[in-house]
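Q: Quick one: sequence and predicted model below, then my questions.
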Amino acid sequence: MSVDGGNMTYREGAEKYYDLFGAKADAPFYISLAHRYGDKALELGVGTARLAIQLARDGVETWGIDNALHMLKAAEANLARESHEVRNRLHLKLADVRDFNLGERFGLVYFPSFSFDHLIDRKDQVAALRAIRGHLSPDSVYAFDLAYVPEIKADSGWFVQRRPLEEHRMVIRTGFHRTDPEKRIMSMDLWYELYEEGRMTERYHEGGEVYIHTPDGIKHLLKETGYKIISWYGGHEEQEFTENSEMMVIVARQA
Ligand SMILES: C[S@@+](CC[C@H](N)C(=O)[O-])C[C@H]1O[C@@H](n2cnc3c(N)ncnc32)[C@H](O)[C@@H]1O
């Protein structure tokens, strides 16, 4: 269930296999920012708590919001396996990034895994950035990443990925993507299939749309909503951003 849909479904079921395909090396970047900005962080779209748990393990008081109840349930199940200290340091809440008020301020608010791209409409992007700003103090930062596509073309295609599990089980993820260059929207369908001893035993579908931002577009959006950009990288290892970068990793603060 999702609070009111959002633009990506993250349907119930698929969260079981989500992290298998979502492995990323972004944790050190967010952990180091969290330490630099006061050890109190908020993750937007916390998902299965893949990242939030790593921050909490590193001593950061971490909050996470998500608008999908089943994602939060998966996060809670993952958290239940952690130590008492980590469990006490991580707070998970059902909330929509476009309209939330936790009554708290954070040293770091972060929106990882290209999740800001899921907000398609400009009014949703503006609403989210304003709500986020209300959770920052003058000394704190908002960090997020976005897909970077230098030249957006009308295209579509299939891909297949395979991940082994223990005991003769494996998960196959098949995806179909289609890009509309005029609207700058990429739509995606994903099917997860679980195979046990060669037979398919479970199948889940999820899908949705993402908006492909331009660097100028995101600069305007941040300016309009009262932010000042302090860093702009091409990756989570703070690489220089170039035309060949696959992402924009941005750190901003209140203007
Ligand atoms: C790409 S996943 C990222 C999960 C996690 N942050 C990670 O990096 O592993 C995006 C998450 O954002 C959540 N989400 C999407 N739209 C949202 C919204 N409007 N408000 C809150 N969460 C949202 C989804 O339910 C999903 O769990």
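A: Yes, it's here. None of the values given here were measured: they were computed from a predicted structure.
Q: Please count neighbours and contacts with C-alpha atoms only from this point.
A: Will do.
Q: residues in contact with the residue located most distally from the centre of the chain?
A: Distance from the centre of the chain peaks at Glu197, with 33.1 Å (C-alpha atoms, centre = their mean). By C-alpha atoms under 8 Å, 6 or more residues apart in numbering, Glu197 lies in contact with 168-169.
Q: State the distance from it to the ligand.
A: Distance from Glu197 to the ligand, counting by C-alpha to the nearest ligand atom, to the nearest Å: 29 Å.
Q: Same question for Pro181.
A: With distances taken as C-alpha to the nearest ligand atom, Pro181 is found 22 Å from the ligand.
Q: who's in contact with that residue?
A: Shown in contact with Pro181 (C-alpha under 8 Å, 6+ apart): 152-154.
Q: Which of the three states applies to Phe176?
A: strand (DSSP: H, G, I helix; E, B strand; the rest coil).
Q: What's the local residue count around it?
A: Using other C-alpha atoms under 10 Å, Phe176 is surrounded by 15 other residues.
Q: repeat for His220
A: Using other C-alpha under 10 Å, His220 has 12 other residues around it.
Q: Glu240 too?
A: If you count neighbours by other C-alpha under 10 Å, Glu240 ends up with 12.
Q: With the ligand in mind, check whether the lowest-mean-pLDDT helix or strand in the chain reaches it.
A: The least trusted helix or strand in the chain, going by mean pLDDT, DSSP states H and E, turns out to be helix 15-21, with a mean of 77. No - Helix 15-21 stays clear of the ligand (C-alpha under 6 Å from any ligand atom), getting no nearer than 6.8 Å.
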